[in-house]
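Trainee: The amino acid sequence is not available; the structure is as follows:
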């Protein structure tokens, strides 16, 4: 449970990083290349760390992705947006503050009037599915799963797992099949949710949902 001071710190940080994004053309170009325009960036309160809050100095230059709730942000994830292969240069693509607990991303989707919900692997894919008009939440991997998430997903008769086809993604899909009886979504070879959004738009993503 976050203290009032922690909640205030997160709100101030997220607001600052949103302001930083307005003046950072490189971060704006990164989002544009991912098919994320100003409206979606604003809805998800995306930012970039140009003026780091105390303790966030290591995240300078990274995309700031807040985990939002009706009461405000409860967590932040920071994504590298430099033009390099993170694995090749030993750069961690995502960084979180030490001790950060696992959260569902985009919990607003849990209020959707829908018979189904898509669970993705990561925030960018979640944003892509949401832009396609599909209710979606995200997990940053198997380790982010918490037992009480099962209750949060109970209102949806059908749960889809839209994870990547690599070992980590297969592990997440296996967990979701076991925990909530998820139906796996199969992307085209080498593609993920954002790739599919970029190549074919909403229709391509919605076409992956069956039944």
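Mentor: Noted; the coordinates are in hand. Since the structure is predicted, the reported quantities are computational estimates derived from the model, not experimental observations. Numbering: from 1, shown residues only.

Trainee: helices or strands up against the lengthiest helix in the chain?
Mentor: The longest helix of the chain (DSSP state H) is helix 4-22. Here helix 4-22 touches helix 25-33, strand 47-48, strand 63-69, strand 72-79, going by 3 or more Cβ pairs under 8 Å, 6 or more residues apart in numbering; DSSP states H and E. (Each C-beta comes from the backbone N, C-alpha and C, glycine too.)

Trainee: Touching it from outside, list them.
Mentor: 2, 27-28, 41-42, 45-51, 53, 56, 64, 66, 71-76 (Cβ atoms under 8 Å, 6 or more residues apart in numbering).

Trainee: follow-up on the earlier one: any idea which of the helices and strands packed on helix 4-22 gets closest to residue 107?
Mentor: Evaluated with Cβ to Cβ, the helices and strands packed on helix 4-22 place strand 63-69 nearest to residue 107, the distance being 5.7 Å.

Trainee: any idea of the angle that closest one forms with strand 72-79?
Mentor: With axes from the mean of the first three to the mean of the last three Cα atoms, to 10 degrees applied, the angle from strand 63-69 to strand 72-79 works out at 150 degrees.

Trainee: Give me the helices and strands touching strand 63-69, please.
Mentor: helix 4-22, helix 25-33, strand 47-48, strand 72-79.

Trainee: for the ones you listed, which one ends up most surrounded?
Mentor: Most buried of these by mean neighbour count (mean count of other Cβ atoms under 10 Å) is strand 47-48; its value is a mean of 26.
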